[in-house]
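Trainee: Next come a sequence and a model predicted from it.
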Amino acid sequence: MKNNKKVLKHTIICVSALSLTIFLSGCSILNNAINEIKRRSDLPSNLEIAQELVACFNNEDVSTLKKMLCERSQNLDDIDAQIQDAFDFIDGNIISFDENVTGSEGESNRYGTTTELDRFFSIDDIVTDTKQEYSIYVSENLIYLNDPKREGITQITIENESSNSKIEVGYQWQEFYTEGRKIASEAAKALGEGDDLAFSQLLCDALAESTETQKNISKAMDFFEGMPYFGKVPDDGLKYDGKHDIHVTVYEEETVENGEPVCIKLKINCENIDTDADRIFTSKIEAYIQNDENPELVGITKFILFDEEKNSVIIE
């Protein structure tokens with residue numbers, strides 16, 4: 001009888017613990033949902049942004065307009081001149097516009113949380129007191145968790161409907177996930193195949209020409225074991241399985257002059273390099289995909305390979 005009571009007591013404790021875990025998990029999900037709703041409800045509408053922009057143009061308010069831009073666009077070398085040129089581009093004060101400000105949104109989610117929310121809309125049928133007609137197009141990142149410096153208006157385009165001329169403020173910042181994943185994949189593939197030449201060709205000229213670099217590439221080849229699956233495990237009928245694929249995060253630094261990129265540097269974190277030798281490696285990569293001032297730096301400028309114990313080989 002005592003043993004039964006102990007079993008019953010133990011069962012009750014386990015069930016209670018499980019119930020508490022489910023309850024807390026449910027509370028966490030509910031809190032995330034509530035926070036997400038609140039965050040979305042705090043975002044300004046298209047009309048509110050349009051009204052604020054019109055006020056900036058009519059008052060030639062450089063400071064307020066600049067604050068509406070994302071930090072990246074604010075930091076453009078010529079942003080003050082761009083804003084002043086935009087003010088000069090509009091002839092007269094805006095007296096009316098279509099308040100049905102429509103547009104489109106793009107959204108990315110992860111585990112119930114919005115990680116990216118971008119918006120594009122147009123302010124149409126703008127009329128000034130000099131009888132000029134314009135349209136204003138606005139690109140904006142309302143949420144960008146991976147890079148908060150992108151949050152805000154990235155670019156404003158103003159078109160004169162009469163002369164078919166236009167002017168731009170800010171910059172349409174690009175994303176380079178595809179380029180970063182390609183570099184990480186090719187590096188992992190070269191390591192898996194033990195191909196020193198293929199790996200060297202991924203490096204920038206300034207790094208590849210170093211004798212020390214070639215020694216470190218050989219160390220990396222010896223350090224790395226197996227061939228990466230890239231999501232396809234032979235025993236699984238060659239079906240794609242994300243658990244066996246590399247996981248890549250890409251951060252970019254883009255330098256812009258006169259509305260054109262002159263330098264693009266990527267920082268690439270590559271995790272879960274799962275190989276057929278039952279090993280999992282990670283890598284951290286720095287690479288230029290454009291460098292107009294120093295073209296010899298285009299390619300990988302730094303590569304660090306880690307094993308499961310955080311032992312590493314560095315190529316730089």
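Mentor: Nice, thanks for sending it over. Numbering: from 1, shown residues only.

Trainee: Quick check: mean pLDDT of whichever strand or helix holds Ala190?
Mentor: Using DSSP states H and E, Ala190 falls within helix 177-193. What helix 177-193 shows for mean pLDDT is 97.

Trainee: Who are the packing partners of it?
Mentor: Packed against helix 177-193 by the contact rule (3 or more CB pairs under 8 Å, 6 or more residues apart in numbering; DSSP states H and E) you find helix 196-202, strand 247-257, strand 260-274, strand 280-291, strand 299-306. No exception for glycine: its C-beta is placed from N, CA and C like everyone else's.

Trainee: let's see it at 10 Å
Mentor: With contacts defined as 3 or more CB pairs under 10 Å, 6 or more residues apart in numbering; DSSP states H and E, helix 177-193 has these neighbours: helix 196-202, helix 211-223, strand 247-257, strand 260-274, strand 280-291, strand 299-306.

Trainee: quick one, which of these is nearest to Ala81?
Mentor: strand 247-257 (12.5 Å; CB to CB).

Trainee: between the closest one and strand 260-274, how many degrees?
Mentor: On the basis of axes from the mean of the first three to the mean of the last three CA atoms, to 10 degrees, strand 247-257 is oriented at 170 degrees to strand 260-274.

Trainee: Determine the set of other helices and strands touching strand 247-257.
Mentor: By 3+ CB pairs under 10 Å, 6+ apart, strand 247-257 packs against helix 71-74, helix 177-193, strand 260-274, strand 280-291.

Trainee: Using CSV, write down the CA coordinates of that strand.
Mentor: Taking Å, rounded to 0.1, in the frame of the first residue of the first chain, the C-alpha atoms of strand 247-257 are listed here in CSV:
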residue,chain,number,x,y,z
HIS,A,247,22.7,27.7,-41.5
VAL,A,248,23.9,31.0,-42.7
THR,A,249,23.5,34.5,-41.4
VAL,A,250,24.8,37.4,-43.4
TYR,A,251,25.6,41.0,-42.2
GLU,A,252,26.6,43.5,-44.8
GLU,A,253,28.3,46.9,-44.8
GLU,A,254,27.5,48.9,-47.9
THR,A,255,29.2,52.1,-48.7
VAL,A,256,27.3,54.4,-51.2
GLU,A,257,28.5,57.4,-53.1
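
Trainee: so where is the stretch 1-150 of the chain shaky, pLDDT-wise?
Mentor: 1-42 (pLDDT under 70).

Trainee: and with 90 instead?
Mentor: Judged by pLDDT under 90, the stretch 1-150 of the chain has its weakly predicted residues at 1-44, 102, 108-115, 146.

Trainee: which stretches of it form helices?
Mentor: Secondary structure of the stretch 1-150 of the chain by DSSP state H, counting those that start in this stretch: the helices cover 2-41, 46-59, 62-68, 71-74, 79-89.

Trainee: Quick check: Pro148 touching Asn141?
Mentor: Yes - at 9.3 Å, Pro148 counts as touching Asn141 under the criterion of CB atoms under 10 Å.

Trainee: Please say which of those two ends up with more neighbours.
Mentor: Counted by other CB atoms under 10 Å, Pro148 and Asn141 do not tie: Asn141 has more neighbours, with 21 against 12.

Trainee: Please name the residues that touch the more buried one.
Mentor: 70, 72, 106, 116-119, 147-154, 173 (CB atoms under 10 Å, 6 or more residues apart in numbering).

Trainee: quick one: which of those residues is nearest to Val54?
Mentor: Ile153 (13.8 Å).

Trainee: packing partners for the host helix or strand of the closest one?
Mentor: Assessed by DSSP H and E, Ile153 sits inside strand 152-160. The helices and strands touching strand 152-160, judged by 3+ CB pairs under 10 Å, 6+ apart, are helix 46-59, helix 62-68, helix 71-74, helix 79-89, strand 113-128, strand 133-144, strand 165-170.

Trainee: how does it look with 8 Å?
Mentor: helix 71-74, helix 79-89, strand 133-144, strand 165-170.

Trainee: For the second one, buried residues please.
Mentor: If you call a residue buried by 16 or more other CB atoms under 10 Å, then helix 79-89 has these buried ones: Ile79, Gln82, Ile83, Ala86, Phe87, Phe89.
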